[in-house]
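In: Got a predicted structure here, sequence first:
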Amino acid sequence: MNWPDLATVQAMDMADPLRACRARFTLPEGLIYLDGNSLGALPRDAPARVAAAVEEQWGSDLIASWNKHGWIEAPARLGARIAPLIGAGEDEVIVADSTSANLFKLITAACLAQPGRTTILTEPGNFPTDLYIAQGVAEVLPGRRVRTVPAGEMAAAIDGNTAVVVLTHVHYKTGAKLDMASLTAAAHAAGALILWDLSHSAGGVEVDLGGCDADLAVGCGYKYLNGGPGAPAFLYVARRWQERLRSPLTGWMGHKTPFDFGDDYAPAEGMKRFLCGTPPILGMAALDAGLDSFAGVTMAEVTAKSRSLSELLIAGIEQRCGEARFTLVTPRDPAARGSHVSVAHEHAWEICQALIAHGVVGDFRAPNVLRLGLTPLYTSHEDVWRAVEIIAAVMEAGAWRDPAYAARAAVT
Ligand SMILES: Cc1ncc(COP(=O)(O)O)c(C=O)c1O
Ligand SMILES: Nc1c(O)cccc1C(=O)C[C@H](N)C(=O)O
């Protein structure tokens, strides 16, 4: 693609079937937000939905709300809403806890279901929580160990000792997307289970858990699903595994009959056994509003727009910012990437800070990566075009060299 003029990208936006979705979000005037892969934007209806849960439900109906407003069913109800976005059945997804806690539950359950197998296989450089949780599981389950193998060598490394393969579908740093179908088939050929972390996939690109025959998955509610900071996460267990797996966090909400208040644990049927404690209702109200932003949208449309935006961004960085010497980290093949574009530069931190000061919010990942997230529901081609022009100007003027941009923050 040759770098287009503004009128051309405006025409692309006019032809965009997701054009109307931007009005479903509140974004600060004049800001180009390219960080929806870390924290999704505020859905326009979220404040009212949370206020209603607080004032009308909690405030007026108090504890009766568990039944009257369906609070007790919220984890399954929201799970059923996420299911079509990730190619799952409505009874295969539930909303609960954090992605980290859900990783612990499912990695442990997968290991316990395969007592003769010793290894949790994952890739070096996976998102840290995936690695740390796998290490934690290996510490509490005797005889288990974590083995890391580069993603490219993964299929060949899965063997008769592998209990579970834990992979992130779209890599948080590089944006590379793994081939879910072939890696799932490789795991199954060796008799292992596979767990997909969909944190950077769900709501950003098409996922077909069912079509790929995937066993297990987890993912965040606060990125492309727009559920707000600390939103509850989701987990998926293929129907065929649900009765065979047991959560190690045997809290009362996962009990068969929690309101019998019996002394002995017995797991609920289906996905409810993967619940632990009382669901965070206020966070779920915000996530519900986040999921509303997908109304009438197909994931094929989301994927097509994500590709169109990322092609434009890559063309812009290469053609308009060539002198800046960014190195493309994200795969060039659109089928092999998720919905963010990462470039490396030795001054990525300072450049990221300078861009934020100039109204383009991306983020930095150590040691040298600038990540630019493209959220098909609210990022326009014009946003990308304007962001590229700002990046080009910041690089040409050397604005990032201002010492003000060198100070490191606690959260990056
Ligand atoms: C791949 C991946 N897994 C998990 C997480 C986060 O898990 P948690 O919400 O438990 O902090 C993130 C981002 O924070 C992530 O990128
Ligand atoms: N969850 C985050 C947080 O609480 C603070 C800062 C960043 C995050 C993130 O989500 C990081 C993100 N998963 C990443 O891809 O790097």
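Out: Cool, got the structure. Numbers count the residues shown, from 1 in each chain. Ligands and ions are numbered 1, 2, ... in the order given.
In: Let me see the ranges of the helices in the chain.
Out: Along the chain, counting by DSSP state H, helices occupy 6-14, 46-51, 65-68, 74-82, 99-113, 128-140, 154-157, 180-189, 209-212, 239-242, 281-292, 299-320, 348-357, 381-397.
In: would you turn those into JSON lines with distance to T148, mean pLDDT and mean neighbour count?
Out: For glycine as for every other residue, the C-beta is placed from the backbone atoms N, C-alpha and C. Formatted as JSON lines, the helices of the chain follow (distance: least, Cβ to Cβ, whole Å; pLDDT from 0 to 100; neighbours: other Cβ atoms under 10 Å):
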{"stretch": "helix 6-14", "distance to T148": "41", "mean pLDDT": "98", "mean neighbour count": "13"}
{"stretch": "helix 46-51", "distance to T148": "38", "mean pLDDT": "98", "mean neighbour count": "16"}
{"stretch": "helix 65-68", "distance to T148": "43", "mean pLDDT": "97", "mean neighbour count": "14"}
{"stretch": "helix 74-82", "distance to T148": "29", "mean pLDDT": "98", "mean neighbour count": "22"}
{"stretch": "helix 99-113", "distance to T148": "14", "mean pLDDT": "98", "mean neighbour count": "24"}
{"stretch": "helix 128-140", "distance to T148": "8", "mean pLDDT": "98", "mean neighbour count": "18"}
{"stretch": "helix 154-157", "distance to T148": "10", "mean pLDDT": "98", "mean neighbour count": "16"}
{"stretch": "helix 180-189", "distance to T148": "15", "mean pLDDT": "98", "mean neighbour count": "17"}
{"stretch": "helix 209-212", "distance to T148": "23", "mean pLDDT": "98", "mean neighbour count": "18"}
{"stretch": "helix 239-242", "distance to T148": "24", "mean pLDDT": "98", "mean neighbour count": "14"}
{"stretch": "helix 281-292", "distance to T148": "32", "mean pLDDT": "98", "mean neighbour count": "22"}
{"stretch": "helix 299-320", "distance to T148": "28", "mean pLDDT": "97", "mean neighbour count": "20"}
{"stretch": "helix 348-357", "distance to T148": "25", "mean pLDDT": "97", "mean neighbour count": "21"}
{"stretch": "helix 381-397", "distance to T148": "34", "mean pLDDT": "97", "mean neighbour count": "20"}
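In: okay, those in CSV with distance to ligand 1 next?
Out: Listed next are the helices of the chain as CSV, based on distance: least, Cβ to the nearest ligand atom, whole Å:
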stretch, distance to ligand 1
helix 6-14, 29
helix 46-51, 18
helix 65-68, 25
helix 74-82, 15
helix 99-113, 3
helix 128-140, 5
helix 154-157, 16
helix 180-189, 14
helix 209-212, 16
helix 239-242, 21
helix 281-292, 12
helix 299-320, 17
helix 348-357, 17
helix 381-397, 22
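In: Please render those as JSON lines that adds distance to R365 to the earlier fields.
Out: Below are these laid out as JSON lines (distance: least, Cβ to Cβ, whole Å):
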{"stretch": "helix 6-14", "distance to R365": "27"}
{"stretch": "helix 46-51", "distance to R365": "27"}
{"stretch": "helix 65-68", "distance to R365": "41"}
{"stretch": "helix 74-82", "distance to R365": "26"}
{"stretch": "helix 99-113", "distance to R365": "17"}
{"stretch": "helix 128-140", "distance to R365": "11"}
{"stretch": "helix 154-157", "distance to R365": "22"}
{"stretch": "helix 180-189", "distance to R365": "23"}
{"stretch": "helix 209-212", "distance to R365": "27"}
{"stretch": "helix 239-242", "distance to R365": "33"}
{"stretch": "helix 281-292", "distance to R365": "24"}
{"stretch": "helix 299-320", "distance to R365": "17"}
{"stretch": "helix 348-357", "distance to R365": "8"}
{"stretch": "helix 381-397", "distance to R365": "17"}
